[in-house]
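Novice: what's the 3D shape of this:
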Amino acid sequence: MGRKKTVANPSCPQGHERAKVVAWGVRKLKTATVQRFRCTPDGSEAGPHIFAVLVESKAVPRKLIDDAVLPPPCPLPEHASTTSVIRHGVYTTATGRRQRYTCANLSTGEMHTFSDVLPRAQVGDDTCCDECGVPTPVNAGAEAAARRNSFPISVVHMVLKDLSEGCSYTTASLRALEAVKRPAGRVRERGGQAPAVRDTLGRVGPRRDGRAHWHIAADILETFAPIIVDSAFATIDAEEKQFRAEKLPIVYVADELDVMRTFARSQTHTTAPVVWTMLVVSRTRWEPSTTRANRSNRLLRVRALPKRTQRAWELVLGELAPPDFLICDGASAIRNAAAAVWADETQIVPCTYHALTNITAGITVGKTPLPTKVTDHLRSLTRDAMSEHGPGLVSEWFDELEILLAGTGLPIDSLWNLRALYEPLLKESAVVAQTHTNPRVPISNAGAEILISNWVKPLVDRRGPMFTNLPRTNLLGDLIVAGSNGALLNARTVSTALQDDNRLNGGWAPPGRELTEPKGALGLRDPRVIDYLAEQAAS
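Specialist: Numbering: from 1, shown residues only. You can find the predicted model right below:
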């Protein structure tokens, strides 16, 4: 005796009301198990047909990924909003498997199939190399970044990330050549001699050949960095607007990094005169929390200029909207520039880190370490103590420091000069610490010093004097800002941004090495650049 049937057959999906539906077997597919049925209409011109009903689905990773990614829109403009696009199988080409789609018009019932256009298809109509003369299929190979740059987008992202982390142009270029498996050495003869012969004569070597490729990374920087930088700066501006809307204070920190002359051949780092200067501005980022008390520091601007004068700082601060607070050291150039650019809209907060560091260095005699009780007293002037006791604590702190120095036999003459300079500044910091406690406005630029050490210093360490091009170096500084704010962490986000810009401009991108110094200026080491740029900004 057979098993009793307990589930009725399903109705025909085509709407045949008077029809005989019988089971027609079970079919196991890769993604699911389906039950097939045969429908025989009664009294209709339509003949029998087979339909299937899902019985059990399988969690196939490939299908889950495909379902999570939306199908592309129909390439026909008139079908933008009146059609439905679904997947319609895959097919194999010389360049690999491709996905086919079906576009169905909801109003007329018309249907047609299409395949999504590969990004490389929008890059080059003719990829035949002038040197080899062998035509290459348009869709062959990895996705190119633009018509004027044949490196894949993944390699472009790698180069931009390397440059943002302080790699040299040569190192980033050689990594790019290695990624695409191109030779890094010279292959052409010179003077009738092959490279191997010239190498034995000492006229060529791997290091010399490697330095000849520096322009690859420089071209990628000039061509594609503005796309990432513009998006990162827009995100920063939107975040600051949100902070202002939530009545959170906008806090900037200004600091400087002198680029000193280095001598790599002698393996020594000297305190030679400054070649040029990095002017750095960071910002306080209020992390989402119940009280918004947690904060972190992010780079905001990294500018390369010949000098760190007041006019130079005016150029940098003039790019930014006035913050509520600006933390800086006791240098008059920054304070005067902020007053000239932002007037009374910004409150200057003297940095306690610089003040305490300079006081410690001023009372230290030679290389002899300070006594433990003096060191402990120097560390006692904290933000929490200032917040609790106010500006009066600063005077008491200096009085006790004089007593300690006199008791240990250290000269106090230098402390008197330091006190005259830093006591008023530290009192200003104490007022901010006591007044702005929720959220806690910082009164030190220690966070900015860490950012400079991690992001800016690797760029100029031991090779800073080699930089001469002012616009390209400042673009590199903008890329560092974007990288420190996380704009280069997600490869997919970077690739999408480059693809969108590629399609917007028909695959074309600006050529590399187009950035030049302002007309009439001599470059990064020419002090006249500051006056010229200031005049341009004023006009």
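Novice: C-alpha from now on. contacts and neighbour counts both.
Specialist: Fine.
Novice: check contacts around residue 40.
Specialist: Neighbour list for residue 40: 19, 20, 21, 47, 48, 49 [criterion: C-alpha atoms under 8 Å, 6 or more residues apart in numbering].
Novice: cutoff 6 Å now
Specialist: Applying C-alpha atoms under 6 Å, 6 or more residues apart in numbering to residue 40 gives the contacts 19, 20, 48.
Novice: partner residues bridging it?
Specialist: When bridges are called by DSSP bridges, residue 40 pairs up with residue 20.
Novice: residue 14 versus that one, what's the distance?
Specialist: As judged by C-alpha to C-alpha, to the nearest Å, residue 40 and residue 14 stand 12 Å apart.
Novice: before we move on, what about residue 480?
Specialist: For residue 480, the distance to residue 14 - C-alpha to C-alpha - is 61 Å.
Novice: show me the strands in the stretch 101-250 of the chain, by range?
Specialist: Taking DSSP state E, counting those that start in this stretch, the strands of the stretch 101-250 of the chain run over residues 111-115, 144-146, 149-152.
Novice: look at residue 281 and give its secondary structure.
Specialist: Counting by DSSP: H, G, I helix; E, B strand; the rest coil, the backbone at residue 281 sits in strand.
Novice: repeat for the one 3 residues further on
Specialist: The local conformation at residue 284, judged by three-state DSSP, is strand.
Novice: what score does the closest residue to residue 168 other than its chain neighbours have for pLDDT?
Specialist: Spatial nearest neighbour of residue 168, excluding adjacent residues (C-alpha to C-alpha, 6 or more residues apart in numbering): residue 459 at 7.5 Å. Note for residue 459: predicted pLDDT of 90.
Novice: how distant is the helix or strand harbouring residue 459 from the center of its chain?
Specialist: For residue 459, the element it lies in under DSSP states H and E is helix 457-460. With C-alpha atoms, centre = their mean, to the nearest Å as the basis, helix 457-460 stands 17 Å off its chain's centre.
Novice: buried residues in it?
Specialist: For helix 457-460, a neighbour-count test (16 or more other C-alpha atoms under 10 Å) marks 457, 458, 459, 460 as buried.
Novice: and stretch 105-115, by the same measure?
Specialist: Going by neighbour count (16+ other C-alpha under 10 Å), the buried part of stretch 105-115 is 105, 115.
Novice: how about residues contacting it?
Specialist: Contacts for stretch 105-115 (C-alpha under 6 Å, 6+ apart): 83, 100, 101, 102, 103, 104.
Novice: the one helix or strand the second one maps to pairs with which strands, parallel or anti?
Specialist: In this case it means residue 100. Using DSSP H and E, residue 100 falls within strand 96-105. Applying DSSP bridges to the sheet, strand 96-105 is found paired with strand 83-93 (antiparallel), strand 111-115 (antiparallel).
Novice: closest one to residue 175 among these?
Specialist: Of all those, strand 83-93 sits nearest to residue 175, with 30.7 Å by C-alpha to C-alpha.
Novice: returning to what we had before: keeping just the C-alphas, turn the strand holding residue 100 into CSV.
Specialist: Listed next in CSV are the C-alpha coordinates belonging to strand 96-105 (Å, rounded to 0.1, in the frame of the first residue of the first chain):
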residue,chain,number,x,y,z
GLY,A,96,36.8,34.8,-19.2
ARG,A,97,33.2,34.2,-18.1
ARG,A,98,30.8,37.0,-18.3
GLN,A,99,27.3,37.6,-16.9
ARG,A,100,24.4,38.1,-19.2
TYR,A,101,21.3,40.1,-18.2
THR,A,102,17.7,40.3,-19.4
CYS,A,103,15.9,43.6,-19.6
ALA,A,104,12.1,43.3,-19.6
ASN,A,105,9.8,46.2,-20.4
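Novice: what secondary structure does residue 526 sit in?
Specialist: Classified using three-state DSSP, residue 526 is coil.
Novice: roughly how far does it sit from residue 215?
Specialist: Using C-alpha to C-alpha, one obtains 23 Å as the distance from residue 526 to residue 215.
Novice: ok, now residue 400?
Specialist: Taking C-alpha to C-alpha, one finds residue 400 at 59 Å from residue 215.
Novice: likewise for residue 349?
Specialist: From residue 349 to residue 215 the distance is 42 Å (C-alpha to C-alpha).
Novice: cool, and residue 274?
Specialist: Taken as C-alpha to C-alpha, the span from residue 274 to residue 215 is 26 Å.
Novice: gap between the two ends of stretch 10-23?
Specialist: Taking C-alpha to C-alpha as the criterion, the two ends of stretch 10-23 lie 10 Å apart.
Novice: contacts for it next, please.
Specialist: The contact list for stretch 10-23 (C-alpha under 6 Å, 6+ apart) reads 37, 38, 39, 40, 41, 42.
Novice: if we go to 7 Å?
Specialist: With C-alpha atoms under 7 Å, 6 or more residues apart in numbering as the test, stretch 10-23 has contacts from 9, 36, 37, 38, 39, 40, 41, 42.
Novice: quick check on the third one: phi, psi?
Specialist: Yep, that's residue 37 we're talking about. With angles defined as degrees, to the nearest 10, residue 37 sits at phi -130, psi 150.
Novice: wait, doesn't it sit right on residue 27?
Specialist: No. Counting by C-alpha atoms under 7 Å, residue 37 sits too far from residue 27 to count as a contact (10.8 Å).
Novice: quick one, which of those two is more surrounded?
Specialist: More crowded of residue 37 and residue 27, by other C-alpha atoms under 10 Å: residue 37, with 22 against 13.
Novice: next up, the contacts around that one.
Specialist: If you count contacts by C-alpha under 7 Å, 6+ apart, residue 37 has them with 21, 22, 23, 24, 50, 51, 52.
Novice: repeat that for 6 Å
Specialist: 22, 23, 24, 50, 51.
Novice: relative to residue 48, how far out is the second one?
Specialist: When you say that, I think you mean residue 23. Applying C-alpha to C-alpha, the value for residue 23 to residue 48 is 13 Å.
Novice: now, which of the contacts of residue 37 lie within strands?
Specialist: Among the contacts of residue 37, the ones falling in strands (DSSP state E) are 22, 23, 24, 50, 51.
Novice: can you list these in JSON lines and add pLDDT?
Specialist: Output for the ones in strands among the contacts of residue 37, formatted as JSON lines (pLDDT from 0 to 100):
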{"residue": "22", "pLDDT": "87"}
{"residue": "23", "pLDDT": "87"}
{"residue": "24", "pLDDT": "85"}
{"residue": "50", "pLDDT": "85"}
{"residue": "51", "pLDDT": "84"}
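Novice: in PyMOL, how would I select just the buried ones from those?
Specialist: Buried subset of those, written as a PyMOL selection, criterion 16+ other C-alpha under 10 Å:
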select buried, resi 51
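Novice: between the ones in strands among the contacts of residue 37, which is closest to residue 325?
Specialist: Distances from residue 325 to the ones in strands among the contacts of residue 37, taken as C-alpha to C-alpha, are shortest for residue 51 (70.7 Å).
Novice: and the helices in the stretch 51-200 of the chain, which stretches?
Specialist: Ranges of helices within the stretch 51-200 of the chain are 61-68, 153-164, 169-179, 195-200, based on DSSP state H, counting those that start in this stretch.
Novice: weakest of those helices by average pLDDT?
Specialist: With a mean of 57, helix 195-200 has the lowest mean pLDDT of the helices of the stretch 51-200 of the chain.
Novice: returning to that earlier point: hey, least reliable of the strands paired with strand 96-105 by pLDDT?
Specialist: Minimum mean pLDDT among those: strand 83-93, a mean of 80.
Novice: ok, and what's touching that strand?
Specialist: 97, 98, 99, 100, 101, 102, 103, 104, 105, 106.
Novice: just send those residues back as CSV, with pLDDT too.
Specialist: CSV is the format used below for the contacts of strand 83-93 (pLDDT from 0 to 100):
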residue, pLDDT
97, 75
98, 80
99, 83
100, 87
101, 88
102, 87
103, 87
104, 82
105, 75
106, 66
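Novice: could I get those as TSV with distance to residue 473?
Specialist: Shown next, in TSV, are the contacts of strand 83-93 (distance: C-alpha to C-alpha, whole Å):
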residue	distance to residue 473
97	43
98	42
99	43
100	46
101	46
102	49
103	49
104	52
105	53
106	54
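Novice: narrow these to just the buried residues.
Specialist: With burial judged by 16+ other C-alpha under 10 Å, the buried subset of the contacts of strand 83-93 is 101, 102, 103, 104, 105.
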